[in-house]
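Q: predicted coordinates and the sequence they were generated for:
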Amino acid sequence: MRDVHYAIGGRQIFAGLDLTVRRGRITAIMGPSGGGKTTLLKLITGQIIADRGSVQVFGQEIATLGRRALYALRQRLGLLFQNGALLTDMDVFDNVAFPVREHSDLPETLIRKLVLTKLQAVGLRGAARLAPGELSGGMARRIALARAIVMDPEVLMYDEPFVGLDPISLGVILRLIKQMNTALGITSIVVSHDVQELATIADESYLLLDGRIAASGTPEQLRTSRSPAVHQFMTGGAEGPVAFNYPAPDYATQLLAESDE
Amino acid sequence: MNNGARNNYLLEGLRRLGSVALFLLQLLAQSLPAFARPDLLLKQIYNAGARSLIIIMLSGLFVGMVLGLQGYDLLQRFGSEEALGTAAALGLLRELAPVITALLFAGRAGTALTSEIGLMRATDQLTAMEIMAVDPLRYVAAPRFLGGLIAMPLLTAIFSVIGLYGAQLVGVQLMGVDKGVFWSQTQGSVGLHDISEGMVKSVVFGVACSLIAVHEGYHSEPTAEGVGLATTRTVVASSVMILLLDYVLTAAFL
């Protein structure tokens, strides 16, 4: 991504974003909530197009791709949604089998084995015949992960994969991300604000602040950064250059006033 | 209303019309591939058609019975109650069956289509499909559009048959019109053009209702309120469109 600018509803999300993800590495994109992390993934997958600048995936400029070429490119990508985004009119097994059935002519016996392998990897082989509505949030995300890896993508993107997970599921997901990177060589982009978790697996981290990359390097380099903004984010301080409070009138004045008019 | 506001309304209306027209073209482009997936299509015909059967059959029966009652009351004033079969059959086939079926379809199947697709949008299911390189227009929208389009004439035909039976039930069994006269009058006065008028109407209503329902769901705001509003818009727009198109088609057939 080079000099990417993107605004929505008059609000500037990115203003000159530069970012490079290296093949075969785990890249962490960190940043406060509402800082455009999910928007970044949308730019990479071509769901939205940058107002200015260049977004290249596998050397192809996303903005110039036609629908067919974009879909061909997306077959090499996988995305794990924050809420799982499982298809509710089919069970867990069919959800994981969905991309394989749509993009290949593999016989059902082979698809069955493939799906069971992926479900076993996320520890939910026994849940194959459950409906998405019967799953907990953590289980849904693990099924979505099985679905995202069933086509063996070259790049796997994770949108806030750690939110709301219990410690065991969290550990499993962390190990899976690492394993898929080391065993299968999958390039991983993990978008999250969980600094501690990311530090254990990321090869490289970017910190996204105010629409551009505020810092980059290994998690250790970010932790020891001298930049006040980076330091505040990594240590979780409420006070600092990164505003915690949404812009508001003076606290005491507002409390003492009779109404907000 | 000042000129600016009026222009805005006009522009918004035109924008919506353009959006629906473009969407129809996209759906038509995806219709042939959708026929290549009979499993998806059959499921949607079942959802829109078979699941609407009870309400269509019940309504058909009662509409036919009312027609029998009112028709008998009116015709006997002129001493021509034997024409009841003709009046009921023509009224049902040409007008009541297609219009009432379409109105019921909009309320039962149309709202279900809109809210289902809207919720799929709100829960990122459509986006997930796009990311998996599966076109939701082909996989979700086109089979639902075609399913509704195919189900509507079938439901209309069933409505007509049950309605006619209802009219016969009241006219013949209750009011004592001669059975043989009722059916022979019906057979003698109903021509192929009467049946085709009803069928053409039902196909046109099928396109309109399914298109509006799928379009509203597909373009709904991905929030609870957005899906609710889209569902309401489906019923309102479909109902108005059915009655408007009915007038145009009736005028064309006369």
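A: Received it, and whenever you're ready, just let me know what you need.
Q: mind listing the helices for the stretch 151-261 of chain A?
A: Secondary structure of the stretch 151-261 of chain A (DSSP state H, counting those that start in this stretch): helices located at A:167-184, A:195-201, A:219-223, A:228-235, A:251-256.
Q: which bits of chain A sit near chain B?
A: A:45, A:47, A:71-72, A:74-75, A:77, A:79, A:81, A:83, A:85-88, A:98-99, A:102-103, A:147, A:151 (Cβ under 8 Å from any Cβ of the partner chain). (Each C-beta comes from the backbone N, C-alpha and C, glycine too.)
Q: so which of those residues belong to helices?
A: A:71, A:72, A:74, A:98, A:99, A:102, A:103, A:147 (DSSP state H).
Q: which of those sit farthest apart?
A: A:72 and A:147 (19.2 Å; Cβ to Cβ).
Q: count of neighbours near residue 181?
A: Since you didn't name a chain, this refers to chain A. 18 (other Cβ atoms under 10 Å in any protein chain shown).
Q: meant chain B actually
A: Around residue B:181 there are 15 residues (other Cβ under 10 Å).
Q: that one: what's it in contact with?
A: B:82, B:85 (Cβ atoms under 8 Å, 6 or more residues apart in numbering or on different chains).
Q: the residue in the stretch 151-261 of chain A positioned nearest to chain B: how many residues sit nearby?
A: Taking Cβ to the nearest Cβ, chain B has its nearest neighbour within the stretch 151-261 of chain A at residue A:151, 7.9 Å off. Applying other Cβ under 10 Å, we find 19 residues neighbouring residue A:151.
Q: what of residue B:234?
A: 27.
Q: which element is it on?
A: helix B:224-253 (DSSP states H and E).
Q: now that helix: buried residues?
A: Within helix B:224-253, the residues scored as buried using 16 or more other Cβ atoms under 10 Å in any protein chain shown are B:227, B:229-231, B:233-235, B:237-239, B:241-242, B:245-246, B:249.
Q: do stretch A:66-74 as well
A: For stretch A:66-74, by 16+ other Cβ under 10 Å, it's A:70, A:71, A:73, A:74.
Q: so which of the residues you listed is the closest to residue A:169?
A: Nearest to residue A:169, judged by Cβ to Cβ, of those is residue A:74 at 27.2 Å.
Q: contact partners for the closest one?
A: A:45, A:46, B:130, B:131, B:132, B:133.
Q: and for residue B:107?
A: Going by Cβ under 8 Å, 6+ apart, the list of residues near residue B:107 reads residue B:235.
Q: what parts of the stretch 101-250 of chain B come near chain A?
A: Close to chain A, as judged by Cβ under 8 Å from any Cβ, the stretch 101-250 of chain B has residues B:119-120, B:123-125, B:127-135, B:139.
Q: for the stretch 1-150 of chain A, give me the ranges with low pLDDT.
A: Nowhere does the stretch 1-150 of chain A drop to pLDDT under 70.
Q: can you pull the contacts of the residue positioned nearest the centre of chain A?
A: Nearest to the geometric centre of chain A sits residue A:159, at 2.3 Å (Cα atoms, centre = their mean). Shown in contact with residue A:159 (Cβ under 8 Å, 6+ apart): A:37, A:38, A:41, A:79, A:80, A:81, A:82, A:191.
Q: can you put those in a markdown table and add neighbour count?
A: Listed next are the contacts of residue A:159 as a markdown table, based on neighbours: other Cβ atoms under 10 Å in any protein chain shown:
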| residue | neighbour count |
| --- | --- |
| A:37 | 20 |
| A:38 | 16 |
| A:41 | 22 |
| A:79 | 26 |
| A:80 | 28 |
| A:81 | 26 |
| A:82 | 18 |
| A:191 | 25 |
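Q: ok so, going back, excluding its backbone neighbours, what's nearest the residue nearest to the centre of chain A?
A: Of all residues not flanking residue A:159 in the chain, residue A:82 sits nearest, at 4.8 Å (Cβ to Cβ, 6 or more residues apart in numbering or on different chains).
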